[in-house]
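Chemist: everything below, folded, please.
(one chain, ligands or ions: 2)
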Amino acid sequence: MLVVMKHNASPDAIEAVVDAIQDMGYGARPMPGGQRTAVGLIGNDGRVDTARLEGMEGVLECIAVTKPYKQVSREWREQDTLIHLDNGTVIGGDAIVLMAGPCAVESEEQILTAARQVKDAGATVLRGGAFKPRTSPYSFQGLGEEGLRLLALAREQTGLAIVTEAVDPDGVDLVAEYADIIQIGARNMQNYPLLRRAGQSGRPVLLKRGMSATITEFLLAAEYLLAEGNDDVILCERGVRSFDTHTRNLLDLTAVPVVKSLSHLPILADPSHGTGLRSKVVPMGRAAVAAGADGLIVEVHPDPTRALSDGAQSLYPEQFAEMVGQIRVIARAIGRDLAVAEGMGPDEA
Ligand code: PEP
Ligand code: MN
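Modeler: Residues are numbered from 1 along each chain as shown. Ligands and ions are numbered 1, 2, ... in the order given. Below is the predicted model of the structure:
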């Protein structure tokens, strides 16, 4: 529930509402807005005495949030959430953010080469898994902490921000030490202990849609992160299971405008996992931007034929560069542009 204050409500009146909500046994979250402050009531079990709050000084009205997800909803917060990274990248605004890099960090040379290539093409965030959730236990599982160190080295040399996955609750703190954004993968979208830890990590989180998750389940998973006090959540549509076998997944681009209307959180698209096929990544990346995605996360490998994971869907660096040029045109046609990172200097190497 939201307690909307009058535009001239005093700080003392707002404070009194916060105290009253806490006194009733709920959490209170003041949210200053352009016109007026609203106080979010957290943990509503349906027995809130609204009359007590409505009668207080400075209170305009109490509004019930009708959706099952609360803090994630547009009812809770009308303006789009913006996420600011240390290198100046802003996610969720007018500018479209490009995150790119290999599926997995494989070696120093591979990740540093990939980092320079995707930076030259226009990306401001480097992706690369150090801990890989592989379908088969015999597949390459990632370099672990060494992979995180190599990502940090790539950031140092290029200024790119880093997004990389945490696969279990105990691994969150380690990933948070190195990463600018913690990724939670599709297979873990409903791993609630992992979500809670990531919600406490103090780092932005990129949450990928589960491969058979409804949009409501997706938004409820994001709610776990906000419920732990982490507002910096980026959603990512990466394809869902379908009956057709021509592509690895069915990239549900409808989810982009649907999520945009239901939530204030930014949403990216991942055309790499969404299609599984290199030749389909570029057209679906273009389509995602046209559909209103706030950015793309794309697998790019210096030599996809030798990739230790997801080579078949990894773009060649020149394909990525070409796609970026096309996306810039699409972005401008819909009143947007590509993100640049002010704090991202020239390569040191
Ligand atoms: C990945 O980004 O490499 C990955 C494993 O993605 P997903 O969780 O969407 O399968
Ligand atoms: Mn992958």
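Chemist: just the strands in the stretch 151-300 of the chain please.
Modeler: Remark: strands assigned in the stretch 151-300 of the chain by DSSP state E, counting those that start in this stretch are 161-165, 181-184, 205-208, 233-237, 267-269, 295-299.
Chemist: need those in TSV (columns: mean neighbour count).
Modeler: For every residue, glycine as well, the C-beta is placed using N, CA and C. Listed next are these as TSV, based on neighbours: other CB atoms under 10 Å:
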stretch	mean neighbour count
strand 161-165	26
strand 181-184	26
strand 205-208	27
strand 233-237	27
strand 267-269	27
strand 295-299	28
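Chemist: what's the closest of those to ligand 1?
Modeler: Closest to ligand 1 of those, according to CB to the nearest ligand atom: strand 205-208, at 4.3 Å.
Chemist: what's the closest one packed up against?
Modeler: In terms of contacts (3 or more CB pairs under 8 Å, 6 or more residues apart in numbering; DSSP states H and E), strand 205-208 is packed against strand 181-184, helix 192-199, helix 215-227, strand 233-237.
Chemist: does the first one come close to ligand 2?
Modeler: No - contact between strand 181-184 and ligand 2 is absent, the nearest approach being 10.5 Å (criterion: CB under 5 Å from the ion).
Chemist: sheet partners, orientation included, of that strand?
Modeler: strand 161-165 (parallel), strand 205-208 (parallel) (DSSP bridges).
Chemist: those: which one's closest to residue 222?
Modeler: Shortest distance between residue 222 and those, using CB to CB, is found for strand 205-208: 5.6 Å.
Chemist: and the closest one, does that touch ligand 2?
Modeler: No - on the criterion CB under 5 Å from the ion, strand 205-208 is out of touch with ligand 2, staying 10.5 Å away.
Chemist: hang on, residue 63 packs against residue 5?
Modeler: No - counting by CB atoms under 8 Å, residue 63 stays clear of residue 5, with 11.8 Å between them.
Chemist: more neighbours, the two?
Modeler: The neighbour count for residue 63 versus residue 5, taken as other CB atoms under 10 Å, is higher for residue 5 (26 against 14).
Chemist: is the more buried one in contact with residue 60, as I believe?
Modeler: Yes - with contact taken as CB under 8 Å, residue 5 and residue 60 are classed as touching, separated by 6.2 Å.
Chemist: what touches both of those two?
Modeler: Shared contacts of residue 5 and residue 60, defined by CB atoms under 8 Å, 6 or more residues apart in numbering, comprise residue 36.
Chemist: residue nearest the centroid of the chain?
Modeler: In the chain, the C-alpha nearest the mean C-alpha coordinate belongs to residue 234, at 1.8 Å (CA atoms, centre = their mean).
Chemist: now that residue, nearest residue through space, not along the chain?
Modeler: residue 206 (4.7 Å; CB to CB, 6 or more residues apart in numbering).
Chemist: run through the residues that contact residue 68.
Modeler: Contacts of residue 68 by CB under 8 Å, 6+ apart are 216, 220.
Chemist: that one in helix, strand or coil?
Modeler: coil (DSSP: H, G, I helix; E, B strand; the rest coil).
Chemist: phi and psi next, for the closest residue to ligand 2 within the stretch 51-200 of the chain.
Modeler: Residue of the stretch 51-200 of the chain nearest ligand 2, by CB to the ion: residue 103 (3.3 Å). Dihedral pair for residue 103: phi -60, psi -50, per degrees, to the nearest 10.
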